[in-house]
Structure formats: structure tokens, C-alpha cells
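In: One predicted model, sequence on top.
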Amino acid sequence: MTGRAGEVVEALSDRKVDVACIHETQWKGSGFKFYGAKGKRYKLFWMGGEGRKDGVGILVAEKLVDSVVSVERHSKKVLILKVV
């Protein structure tokens, strides 16, 4: 995702995708961050390993962010996002 987040968000927005799962984020630790222009933003929830390898993430369209009720980070390869 490093350096590619803008391209990914633009492609998802153009195709009207609300939720997308990604792998090989290559980021350390865990967290969340918004990407994209106002009205076309996505929130990325990610979970990575100790080093800059592996990692998974879930991109959620801005209109659904308030519907996220929990994020469970189990490992660098398992991330569970609950939406109602």
C-alpha cells in the first residue's frame, strides 16, 4: 500500500466498491487512516507484523464508516471487521 493508496482508493471509488480487502500491506503494527478526497474517502483498517512484511487491511467507504461496530485484530493475516 505504500505509495499506492491513492490509486487504490481512486479505482474503488470509480467502480463504486464500498468494502475491499487487501493483503501485503507491508506496514508495521495496526491502525486506521483515511485516504481520498472529501466525498470519495475510504478508511483503511490494517494489521501488520513485526517487520515490514505481510499484513492485511480492509478499506471501507466513508458512507459506511459509522456502521463499523468493531475491529478485531487477531494476527498479521487475520483482521475481522463487523458492520451493521
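Out: In hand now; what should we look at?
In: where along the protein do the strands fall?
Out: Taking DSSP state E, the strands of the chain run over residues 19-23, 30-35, 42-47, 56-61, 68-75, 78-83.
In: Tabulate those in a markdown table, adding columns for mean pLDDT and mean neighbour count.
Out: Glycine gets a C-beta too; all of them are placed from N, C-alpha and C. Converted to a markdown table, those look like this (pLDDT from 0 to 100; neighbours: other CB atoms under 10 Å):
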| stretch | mean pLDDT | mean neighbour count |
| --- | --- | --- |
| strand 19-23 | 93 | 14 |
| strand 30-35 | 91 | 14 |
| strand 42-47 | 92 | 22 |
| strand 56-61 | 94 | 22 |
| strand 68-75 | 90 | 12 |
| strand 78-83 | 92 | 14 |
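In: Could you pull up the residues touching residue 19?
Out: 58, 59, 60, 61, 64, 83 (CB atoms under 8 Å, 6 or more residues apart in numbering).
In: Reformat the strands of the chain as JSON lines; add distance to residue 8.
Out: Formatted as JSON lines, those follow (distance: least, CB to CB, whole Å):
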{"stretch": "strand 19-23", "distance to residue 8": "7"}
{"stretch": "strand 30-35", "distance to residue 8": "8"}
{"stretch": "strand 42-47", "distance to residue 8": "8"}
{"stretch": "strand 56-61", "distance to residue 8": "7"}
{"stretch": "strand 68-75", "distance to residue 8": "19"}
{"stretch": "strand 78-83", "distance to residue 8": "16"}
